[in-house]
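S.K.: need the 3D shape of this:
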Amino acid sequence: VRDQELRRDAWLALAALAIEEGRAAEAEPLALAAAEQFAEEQQADNEAWARTLLAEARVAQGRVAEGLRELERARQQSATTQNAVIGFLVRRKNLELAVENPKNKVEILRALDSLLDETRKLGFLAEQLEIKLLKQRALLAASSSVEPAQMIQDIVKQADAAGLGLIAIKANKLIGKRRN
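M.R.: Presented below is the predicted three-dimensional model:
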């Protein structure tokens, strides 16, 4: 049993890393295997997170409809759990996809503000910075102003100060895309 737990946790971690490094095709079978194992073990929160990674991998491969279906499944799973962190992660991933394919920017920004308030109240700094960065991405996509770029620079400083280097790297990449 312990080996099985270690294996499925490794699948989840490797899937997250592969997605972060732009290797979605490698992430998909790992996330799927983890999701199936968590489902078998009736661990709704971990299954929701695995399905969120699976959705992200599929969307990154251009299979948007499949990814959205999986993300909806993850959202439903996360609604049945008490794990606030998983709930925030799933909701943020939903909003990330919405930013990539915007239909209603005002609604997206409102949802991001609401999620940011919730994470602030609970003191989830890493999630706050991820949401702030996502909000700035949304604003950058809708604007040519310098203000979002300055806000992103502030996120880089906060992330570096808190030892959250991966968030700082993401923010710096976003600034670099804006300059090109």
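S.K.: buried stuff in the helix-or-strand element of the chain with minimal mean pLDDT?
M.R.: Here the helix or strand of the chain ranked lowest by mean pLDDT, DSSP states H and E is helix 165-179, holding a mean of 80. Buried residues in helix 165-179, counted by 16 or more other C-beta atoms under 10 Å: 167-168, 170-172, 174-175, 178. To be clear about C-beta, it is placed using only N, CA and C from the backbone, and glycine gets the same treatment.
S.K.: which among these gets closest to residue 153?
M.R.: Within the buried residues of helix 165-179, distances to residue 153 taken as C-beta to C-beta reach their minimum at residue 175, with 6.9 Å.
S.K.: ok, for the closest one, nearest residue in space, not its chain neighbours?
M.R.: Leaving aside its sequence neighbours, residue 175 sits nearest to residue 152 (C-beta to C-beta, 6 or more residues apart in numbering; 5.4 Å).
S.K.: quick check: the gap between the one you found and residue 138.
M.R.: 12 Å (C-beta to C-beta, to the nearest Å).
S.K.: same check on residue 37?
M.R.: Residue 37 sits 34 Å away from residue 138, going by C-beta to C-beta.
S.K.: tally of neighbours for the nearest residue to residue 126 once chain neighbours are set aside?
M.R.: The shortest distance from residue 126 to any non-neighbouring residue, by C-beta to C-beta, 6+ apart, is to residue 164 (5.5 Å). Residue 164 is flanked by 19 other residues according to other C-beta atoms under 10 Å.
S.K.: now swap in residue 60 and tell me
M.R.: Burial of residue 60 is recorded as 18 neighbouring residues (other C-beta under 10 Å).
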